[in-house]
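> below is the sequence, then the predicted model.
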Amino acid sequence: MALPDRTAVSRREFLKAAVAVGGTAGLAACMEELGTEADAEIPRGDSSGLPERQHAWNAVLKTDDDGNDVPPRHHVLRYVDLADGIDPADAREPLESALTALESAIRWGPDGLLFTLGYSPTYFARFDESLPSSVDLPEPTQLTPLEDGLALDETDLLIHLASDRPDVLLAAEKALFVDRETINEIEITSLSKRFDTASESRRTGFVGAGLPAEKQDVAGISGDSPVPEAAPFFMGYRSGFARTQATEDRVTIGDGPFAGGTTQHVSRIELQLNAWYNQEDHVQRVAKTFSPRHAAEGLVEGVGDNLTNDSKIVPEDVADLVDSARRDGVVGHAQKAAAARENGEPILLRRDFNTTDDDKAGVHFLSLQETIGDFVAVREAMTGEEIADGSGVGPRLNNGILQYLFVRRRGNFLIPPRVCRSMPTPAGTTAEGQ
């Protein structure tokens, strides 16, 4: 991907493109646009006193007027393997040193940098012992008949980097994966000697009002700029309401050597939005996104700002989804997802974001949950196979938003607590046995 002509795009779009390009070229473009030197105005960090949970972001996230957590606007996923011949024990200290230096150099927060480091089943398979029963981390697999041609992500590590500032994001990425860097007078040594970036190793994205509208000139979307300017996601509606998200406590592993950690699932989903915007009207999109009741009662205005902190799904909406679909001829995505709640509470904490990787509209669906089984339960509810069998709603047609989503890749990862985040053994100790 090349940088666009600066005179032909907005400042925000240019910065998003710089993140997508990455590397030295992307960082230089960011710095030139922002008028800063390589580490100017990057808020200084402090590696002491950080939360034990790597995934504990909510305390430092901004909140909107409705009390919803506001995710960082820019994201990079880096899929990484241990280099051939490198033992985990030999990589542990350099990895931990680099991560600690990064935390010392850049403030922990969306105005600086947030990140997590997760490990796949493939990583743990190299050890003789197995993961404890308190950790549910199966190999990724096809979950529905609709996932033809699915590729599985089986690299050793996944590093998720997030920030409101594209210059900070790219500076951190460059330090970890390209060159030894000094940020705020802290030297960070690249991981490149002991780790290899894998095929399909770098994925990028963004979330927030205005960003999808600026980036809608890609495959999967046609027409006269159909994505609403105020929409934070390509599908046109708000998401991540406070009352539809699991708490960080709910998704945290409670027992065993990885207590304080969590599991992470990441799916790469391509979106087909031509029909979504050019064949469906607002009422039809609301019915498929939320529920037919939302559409009939006019509960969703614009991109859904009036919903405040809740999707407004009520128990009656999920009491009998087969009967509801038979009666209304459609069932809503949020309606189905709510059926997977436990005691009325969500079990997934979503941190997904839009993408234009490969110049295609899409989403990196990233969720945190105590067990991968929790994700599978929600995915089965969203698939609605029993609804399609019993109501006349099709496997895709009028079955929530499945008609417009195509899962291309998926992977499962364990995010350990911070104390053993660098090359852990299945026993929860570091690869050096400490």
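Noted; the coordinates are in hand.
> need the next SSE after the host helix or strand of Phe365, C-terminal direction.
When secondary structure is defined using DSSP states H and E, the element that contains Phe365 is strand 362-369. Proceeding C-terminally, strand 362-369 gives way to helix 372-383 as the next helix or strand, assigned by DSSP H and E.
> avg pLDDT for that following helix?
Confidence over helix 372-383, taken as the mean pLDDT, stands at 97.
> next helix or strand past it?
Next along the chain from helix 372-383, counting by DSSP H and E, comes helix 385-391.
> that next one: which residues count as buried?
Of the residues in helix 385-391, those scored as buried under the neighbour-count criterion (16 or more other Cβ atoms under 10 Å) are 387-388, 391. C-betas here are computed from N, CA, C, even on glycine.
> any buried residues in the helix or strand encompassing Ala287, and which?
Secondary structure here is read from DSSP H and E; on that basis Ala287 sits in helix 282-289. Residues of helix 282-289 classed as buried by neighbour count (16+ other Cβ under 10 Å): 285-289.
> alpha carbons of it, in CSV - could you do that?
Below are the C-alpha coordinates for helix 282-289, written out as CSV (Å, rounded to 0.1, in the frame of the first residue of the first chain):
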residue,chain,number,x,y,z
HIS,A,282,-32.6,2.4,7.5
VAL,A,283,-35.7,0.5,8.9
GLN,A,284,-34.4,-2.8,7.4
ARG,A,285,-30.9,-2.3,8.6
VAL,A,286,-32.2,-1.5,12.1
ALA,A,287,-34.2,-4.7,12.1
LYS,A,288,-31.2,-6.8,11.1
THR,A,289,-28.8,-5.1,13.4
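> now the helix ranked longest in the chain: buried residues?
When the chain is parsed with DSSP state H, its longest helix is helix 88-105. Within helix 88-105, the residues that qualify as buried are 88, 91-92, 94-96, 98-105, counting by 16+ other Cβ under 10 Å.
> quick one: distance of the next helix-or-strand element following that helix to the chain centre.
Next helix or strand after helix 88-105 toward the C-terminus (DSSP H and E): strand 114-119. Between the centre of strand 114-119 and the centre of its chain there are 11 Å (Cα atoms, centre = their mean, to the nearest Å).
> run through the neighbouring helices and strands of strand 114-119.
Secondary-structure packing of strand 114-119 (3 or more Cβ pairs under 8 Å, 6 or more residues apart in numbering; DSSP states H and E): strand 157-163, strand 405-415.
> what residues does the first one touch?
With contact meaning Cβ atoms under 8 Å, 6 or more residues apart in numbering, strand 157-163 is reached by 71-82, 110-120, 123, 169, 172-173, 176, 195, 264, 266, 351, 366, 411, 413.
> that older thread, could the buried residues of helix 88-105 go into a markdown table alongside distance to Pro424 and pLDDT?
Rendered in a markdown table, the data for these read as follows (distance: Cβ to Cβ, whole Å; pLDDT from 0 to 100):
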| residue | distance to Pro424 | pLDDT |
| --- | --- | --- |
| Pro88 | 8 | 96 |
| Ala91 | 12 | 96 |
| Arg92 | 9 | 96 |
| Pro94 | 15 | 96 |
| Leu95 | 11 | 97 |
| Glu96 | 11 | 97 |
| Ala98 | 16 | 97 |
| Leu99 | 13 | 98 |
| Thr100 | 16 | 98 |
| Ala101 | 20 | 97 |
| Leu102 | 19 | 97 |
| Glu103 | 18 | 98 |
| Ser104 | 22 | 97 |
| Ala105 | 24 | 97 |
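> dump the residues you listed to CSV, plus distance to Ile253.
Below are those laid out as CSV (distance: Cβ to Cβ, whole Å):
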residue, distance to Ile253
Pro88, 21
Ala91, 24
Arg92, 21
Pro94, 26
Leu95, 21
Glu96, 21
Ala98, 25
Leu99, 20
Thr100, 23
Ala101, 27
Leu102, 24
Glu103, 22
Ser104, 27
Ala105, 29
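> what sits against Val330?
Val330 makes contact with 284, 287-288, 292, 393, 398, according to Cβ under 8 Å, 6+ apart.
> which parts of the stretch 1-150 of the chain are helices?
Taking DSSP state H, counting those that start in this stretch as the test, the helices found in the stretch 1-150 of the chain are 11-21, 23-34, 88-105, 121-124.
> remind me which residues of this protein are low pLDDT?
1-18, 20-40, 199, 431-434 (pLDDT under 70).
> and stretch 332-339, how far out from the chain middle?
Centroid separation between stretch 332-339 and its chain, computed with Cα atoms, centre = their mean, is 20 Å.
> what do you get for stretch 208-227?
Stretch 208-227 has its C-alpha centroid displaced from the chain centroid by 19 Å (Cα atoms, centre = their mean).
> do the same with stretch 184-193
Here stretch 184-193 is found 26 Å from its chain centre; the criterion is Cα atoms, centre = their mean.
> flag every buried residue along that stretch.
Within stretch 184-193, the residues scored as buried using 16+ other Cβ under 10 Å are 186, 188, 190-191.
> closest to Gly210 out of the residues you listed?
Comparing these against Gly210 with Cβ to Cβ places Ile188 closest, at 32.0 Å.
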